[in-house]
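> kindly return the folded structure for what I paste below:
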Amino acid sequence: MITGKEKIFRGKRQTEPCDTERTKSRPVSVSDAAGILLFLLAAGMAICSLYLCGSADIWYDELFTMGFLEQPVGRLLSLAARDVHPPLYYLIGKAVVEAVSIFSPGANPVVIAKAASVLPYLGLLCYAGFLVRKRDGWLCAGLFAFCLLAMPQMSNYTTEVRMYGWALFFLTAAFLHMWEILLTGKRRHWASFWIFGICAAYCHYFAAVSAACLYMALAALLLWKRKDGIRENIALWLLCAALSVLAYLPWLPSAISQVSAVRED
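Model (predicted):
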């Protein structure tokens, strides 16, 4: 038997719009509109970078990269060990060039390698449009994307056949997941933080130092916040740090040799 209060409650549930309907019917605010506009401008700059990849002009360092990408994987790793950079970027570039060449055998490898340098910036646009927007709204996401793509000389860096764009992507993604760890503590963000951190370390040595700084900052903030589950979070931090050290051990002798050579030079 339904009481009078239950009838009133059911009537309200049937007549009141749900949260999804409220969201759909809510007009776009000025700040959201500004954020969307900035995001679209950033996307336009990324598309412009893809257009600039059509030129096959490269300079000395890019020519050096192309020489690496033409080598078999084993020789590539051997040459990278005698270079001054870790090998991950060269492996990414080689994988992209060879994958595209399978479907388009006549494609210019220089153009493909340039387009591969735009990919990390497109990845950061995805982070802006999903993770940053979900957490902080359209205005913050738009500012994030626009300031990223509008930095000085970015039209050169987005198409340069070097590792700097990928290092930027790995570090920025690690930072965003670190922020999510502080807010939610979810395991998937810990896993992403570890993966992007070790990728940054295998991409560039300055990025390796920056990844270590992120680890120290995360530890300090976890201790400062002293929120529930601090022991579990510290345990996860120690696990990620230990796994990072283990993952980097195979390359550590080459890294020490390369850094020493650069310092002496």
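> all helices for the protein, in order.
For the chain, the helices defined by DSSP state H cover 4-15, 19-25, 30-52, 60-69, 73-81, 88-103, 109-127, 133-149, 154-157, 164-183, 187-201, 205-225, 230-248, 252-264.
> can I get these in TSV including mean pLDDT and mean neighbour count?
All C-beta atoms are positioned from the backbone trio N, CA, C, and that covers glycine. What follows is those, written out as TSV (pLDDT from 0 to 100; neighbours: other C-beta atoms under 10 Å):
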stretch	mean pLDDT	mean neighbour count
helix 4-15	46	9
helix 19-25	49	9
helix 30-52	96	17
helix 60-69	94	15
helix 73-81	93	14
helix 88-103	96	17
helix 109-127	97	20
helix 133-149	96	19
helix 154-157	87	14
helix 164-183	97	21
helix 187-201	97	21
helix 205-225	95	16
helix 230-248	94	14
helix 252-264	83	12
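> Ser31 touches Ala141, doesn't it?
No. Using C-beta atoms under 8 Å, Ser31 is not in contact with Ala141, being 11.0 Å away.
> could you pull out the residues contacting both of the two?
Residues touching both Ser31 and Ala141 (C-beta atoms under 8 Å, 6 or more residues apart in numbering): there are none.
> tell me the contacts of the closest residue to Phe175 other than its chain neighbours?
Once flanking residues are discounted, Phe175 sits nearest to Leu214: 6.2 Å by C-beta to C-beta, 6 or more residues apart in numbering. Counting by C-beta under 8 Å, 6+ apart, Leu214 makes contact with 171, 174-175, 178, 193, 197.
> let me know the closest of those to Val132.
Using C-beta to C-beta, Phe175 comes nearest to Val132 of these, at 11.1 Å.
> any idea how far Glu160 is from Ile58?
Computed as C-beta to C-beta, to the nearest Å, the Ile58 to Glu160 distance reads 9 Å.
> try Cys203
From Cys203 to Glu160 the distance is 14 Å (C-beta to C-beta).
> higher neighbour count, those two?
Set Cys203 next to Glu160 and count neighbours by other C-beta atoms under 10 Å: Cys203 wins out with 28 against 19.
> and that one, what is it in contact with?
Shown in contact with Cys203 (C-beta under 8 Å, 6+ apart): 86, 88-89, 163, 166-167, 170.
> not counting its neighbours along the chain, what's nearest Pro86?
Closest residue to Pro86 apart from its sequence neighbours, by C-beta to C-beta, 6+ apart: Tyr202 at 4.6 Å.
> appreciated, that's everything.
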